[in-house]
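My questions are about this predicted structure, shown below with the sequence.
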Amino acid sequence: MKTHYYVLVGLMVALFTIPSQAQTENEIKDSLYIQEVENPKLRPKILHAEPLYIDLIRDLGARKGEKEWNVGFGLTDANSHDEYTTLVEYEWAPIDRLGLEIELPFSFYYPLANDVQAPNSKLNGLKLAAQYSFLVSEKYKTSLAIGYIHEFEMTEFKNYDNDRFFKGNLYNPFFVVAKRWGDNFHTLLYTGPIFEHNFSENSWHTNYQINSNFHYMIPGTRNFIGIEFNKEINHNNDFDMTIRPQMRVGIAENLMVGIVTGIPVNRENERFSSFLRLIYELSHNKKH
């Protein structure tokens, strides 16, 4: 009987101890990762989970020397045709708290029927962007930033023979506020107007975007799951919203992959979409 008693007690201790040990181990890993990002020997920076579809120019509170490559691939069902997108972007921080970015986004179209006219494939434009974190509060685990994106819109590939490369400009100032709640819950708001200038028509249009995000970082990892709500009000006062569940998984020390699904609330222009982002962080000197 005593033997059975000791075995039972041992099993109960193991049952309650193992999850506790796993939880403690994850808490330690969380603390170490947060400490690595929020190194007290360097200028303050808060760890935030950032969206994968409408991504930021650089980490909020970026530190001098940080560099990152992104490659993205997307597929959208636009009712009458499929749109395949790809992008290449490079972002870096020349000084503390300032992030810069260069991006080349491409779109390729494929009609779903022989009698359907799909848009022409193109390099969408050359995007140049800057973002400055003007507030980083360690006490409230909050960061605030302003930024600006300028896109030189380009014409379709077929028009290059006519010496027409650029068809307009997009001017996009924006504001970002992010807060971490505890160690694992993250919220972020990204918002601002987009002013579009079309050269051939000499016309101007204004859209307004409001992108709200919620993420949960998996304990003991850099992985997260979350959701983006990408909302836009166009110049005709038409409201569109796409809900984008997403996840990020680390596959190496400096390499991560983000997977996004797009679910439009109103399906008048498009149906479901998917997007994949590869994120490669270049090592940098942390002694500055």
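In hand now; what should we look at?

The helix or strand encompassing Trp69 pairs with which strands?
Remark: Trp69 resides in strand 67-77, with elements defined by DSSP states H and E. With DSSP bridges as the test, strand 67-77 is paired with strand 81-95 (antiparallel), strand 273-282 (antiparallel).

I'd like those laid out as TSV, including mean neighbour count.
Where C-beta positions appear, they are placed from N, C-alpha and C, glycine not excepted. Rendered in TSV, the data for these read as follows (neighbours: other CB atoms under 10 Å):
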stretch	mean neighbour count
strand 81-95	17
strand 273-282	16
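
chain center to stretch 239-256: distance?
7 Å (CA atoms, centre = their mean, to the nearest Å).

so what's Ile263 bridging to?
Going by DSSP bridges, Ile263 forms beta bridges with Ile243.

Do I have it right that it meets Asn230?
No. Using CB atoms under 8 Å, Ile263 is not in contact with Asn230, being 10.5 Å away.

Looking at those two, which is more packed in?
Asn230 (20 against 14; other CB atoms under 10 Å).

Averaged pLDDT, the helix or strand where that one lies. What do you get?
Following DSSP H and E, one finds Asn230 within strand 224-233. On average, the pLDDT along strand 224-233 is 96.

same deal with stretch 118-132?
pLDDT averaged over stretch 118-132 gives 94.

doesn't Asn230 make contact with Asn211?
Yes. Between Asn211 and Asn230 there is a contact under CB under 8 Å: 5.2 Å.

on that earlier part again, can you show me the CA trace of the strand holding Trp69 as PDB?
Below are the C-alpha coordinates for strand 67-77, written out as PDB (Å, rounded to 0.1, in the frame of the first residue of the first chain):
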ATOM      1  CA  LYS A  67      18.700  46.600 -40.900                       C
ATOM      2  CA  GLU A  68      16.100  44.200 -42.400                       C
ATOM      3  CA  TRP A  69      15.100  42.700 -45.700                       C
ATOM      4  CA  ASN A  70      11.500  41.700 -46.500                       C
ATOM      5  CA  VAL A  71      10.200  39.700 -49.400                       C
ATOM      6  CA  GLY A  72       6.400  39.300 -49.800                       C
ATOM      7  CA  PHE A  73       4.100  37.200 -52.000                       C
ATOM      8  CA  GLY A  74       0.400  37.500 -52.300                       C
ATOM      9  CA  LEU A  75      -2.700  36.200 -54.100                       C
ATOM     10  CA  THR A  76      -6.000  37.900 -54.300                       C
ATOM     11  CA  ASP A  77      -9.200  36.600 -55.900                       C
END
